[in-house]
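# Pasted the sequence and its predicted model underneath.
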Amino acid sequence: MRAVVFDEAGELARVDRPEPAPGPKEVVVETAAVGVCGTDTHVFDGEFEGTVYPLVPGHEATGVVVAVGSEVTTLSSGDHVAVNPSTTCGECEFCANGKSNLCREWNGLGVVASDGAAQERFTAPVQNVYKLRPETDLYQAALIEPLACAIRAYDRLPRRMGDHYLIYGAGTMGLIMAQLAPRAGAASVTVVDINEARLKTARELGFEHVLTSADRAERDRWDVIVDCTGAVPAIEDALPRVKAGGTFQHFGVAPAEAGADYSPFRVYRDEISIVGTMAVLNSFGRAVEMFEAEAINPAPMISHSFTLDDYPKALELFRQGKGRKLQIRPGDTVSRVLL
């Protein structure tokens, strides 16, 4: 069975591995699609806290169940599924208090210590596997995991009717956050990105206020600003634009050791709320339902598919900021430009 492995930080190999077998409460999923995102680059570069190598990457995954463990009763071979990559200890104070995404033993498949989906088949705990409708597009449904993260992010935001939102970054996460904003009560949504090709996608999705710099906006302050880039220059540009009493959210994943300059006095004087958002928390099931209810438009967001052998090309294209959502499709023999 073919797989991509990060042998250690900065080293990638394509290898043959033994076929996986499910434990009693696990299923084996044949990967249909797995997205490439900024977290994968941080894992590859050794910048994500706690990663254990060697590791198979890939945490935005869908596929078809091909084997089930002896104690699995809720899924069967042939079921189409999306997989929540987050696992936790279930015993610490955070898990006990309903904040399992803050578990100190948090483990993301393909991110920390358990292999992900950038391989032909992979195992997952049955409690993390969500059945999809047979007619749901498995390639587009790989956006369910990012959608689940976005839903968790909105759980952390005030969601007041009539607020004005500014989203930094028109990549996958920025576009999902922007599409959800009207459902959270936004009166307006402004999207900023220095990548004109990504801004074009934002316009295709119907957004009117799409800019290469917030300096060009008609407004100079926003109620809610969300950084979906993880880039320190973007964060430092964004924070001073939060309206008094407003909220700034760190959504994008920055390197663990990165720091940003801001004015503590202004945070104090203007009662600025700065909030983080970590992975998913009771949001994956909602994401499945919202995806299948067409809460987001996935088609314009997926631009390229790659074979397992072309994983390095996908990673490099992502670093260059080219394309939209890039996917690995292990069953394909040819990489394709889709849009």
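That came in fine, so what should we check first? This is a predicted model, so every value here is computed, not measured.
# ends of stretch 258-278, how far apart?
Taking Cα to Cα, to the nearest Å, stretch 258-278 runs 17 Å from one end to the other.
# ugh, wrong one, stretch 318-334
OK, stretch 318-334 end separation, Cα to Cα: 18 Å.
# Equivalent analysis for stretch 62-82, please.
4 Å.
# Tell me which residues are up against that stretch.
Residues outside stretch 62-82 that contact it (Cβ atoms under 8 Å, 6 or more residues apart in numbering) are 21-34, 61, 83, 117, 121, 126, 129-134, 136, 138-139, 141-142, 144-145, 284, 288. C-beta here means a position set from N, CA and C on the backbone, and glycine is covered the same way.
# which secondary structure elements does the helix ranked longest in the chain contact?
Criterion DSSP state H: the longest helix present in the chain is helix 144-155. Packing contacts for helix 144-155, counted by 3 or more Cβ pairs under 8 Å, 6 or more residues apart in numbering; DSSP states H and E, involve strand 60-68, strand 80-83, helix 172-180, helix 284-292.
# Quickly run through the sheet partners of the first one, with directions.
For strand 60-68, the paired strands and their directions (DSSP bridges) read strand 26-36 (antiparallel), strand 80-83 (antiparallel).
# so how far is stretch 138-154 from its chain's centroid?
Relative to its parent chain, stretch 138-154 has a centroid offset of 7 Å by Cα atoms, centre = their mean, to the nearest Å.
# now do stretch 74-85
Relative to its chain's centre, stretch 74-85 lies at 19 Å (Cα atoms, centre = their mean).
# what ranges do the helices span in the stretch 101-250 of the chain?
Taking DSSP state H, counting those that start in this stretch as the test, the helices found in the stretch 101-250 of the chain are 144-155, 172-180, 196-204, 232-238.
# Make a PyMOL selection of the buried ones in the contacts of stretch 62-82.
A single PyMOL command is used to select the members of those judged buried by 16 or more other Cβ atoms under 10 Å:
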select buried, resi 22+26+27+28+29+30+31+32+33+34+61+83+117+121+126+129+130+132+136+138+139+141+142+144+145+284+288
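# How about residue 285: what's its closest non-neighbour residue?
Excluding its sequence neighbours, the residue lying closest to residue 285 (Cβ to Cβ, 6 or more residues apart in numbering) is residue 130, at 6.4 Å.
# Show the contacting residues for residue 149.
Residue 149 neighbours (Cβ under 8 Å, 6+ apart): 173, 251, 277, 279, 280, 283.
# if I look at it, how far off is residue 269?
Between residue 149 and residue 269 the computed distance is 32 Å (Cβ to Cβ, to the nearest Å).
# doesn't residue 211 make contact with residue 203?
No - Residue 203 lies out of contact with residue 211 (Cβ atoms under 8 Å); the separation is 10.9 Å.
# So what's the predicted local confidence for residue 255?
Residue 255 carries a pLDDT value of 88.
# How about the one 4 residues further on?
pLDDT, the model's per-residue confidence, is 96 for residue 259.
# How about residue 87?
pLDDT, read off for residue 87, is 95.
# Repeat that for residue 77.
So, for residue 77, pLDDT stands at 98.
# ok, how many other residues are close to it?
As a burial measure, residue 77 scores 12 neighbours (other Cβ atoms under 10 Å).
# do the same with residue 155
Neighbourhood size, residue 155 [other Cβ under 10 Å]: 14.
# Give me the residues contacting stretch 89-108.
With contacts defined as Cβ under 8 Å, 6+ apart, stretch 89-108 is touched by 39, 59, 85-88, 112-114, 116, 152, 278-281.
# out of those residues, who has the most neighbours?
residue 116 (28 neighbours).
# For the closest residue to it other than its chain neighbours, which residues are in contact?
Nearest residue to residue 116 in three dimensions, chain neighbours excluded: residue 110, at 1.9 Å (Cβ to Cβ, 6+ apart). By Cβ under 8 Å, 6+ apart, the contact set of residue 110 is 34, 40, 43, 55-59, 61, 85, 116-118.
# try residue 182
residue 189.
# any idea how far residue 293 is from the nearest residue to residue 80 once chain neighbours are set aside?
Of all residues not flanking residue 80 in the chain, residue 132 sits nearest, at 4.5 Å (Cβ to Cβ, 6+ apart). From residue 132 across to residue 293, the span is 13 Å (Cβ to Cβ).
# if we can go back for a sec, can you list the helices of the stretch 101-250 of the chain in a markdown table and add mean pLDDT?
Output for the helices of the stretch 101-250 of the chain, formatted as a markdown table (pLDDT from 0 to 100):
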| stretch | mean pLDDT |
| --- | --- |
| helix 144-155 | 98 |
| helix 172-180 | 97 |
| helix 196-204 | 95 |
| helix 232-238 | 98 |
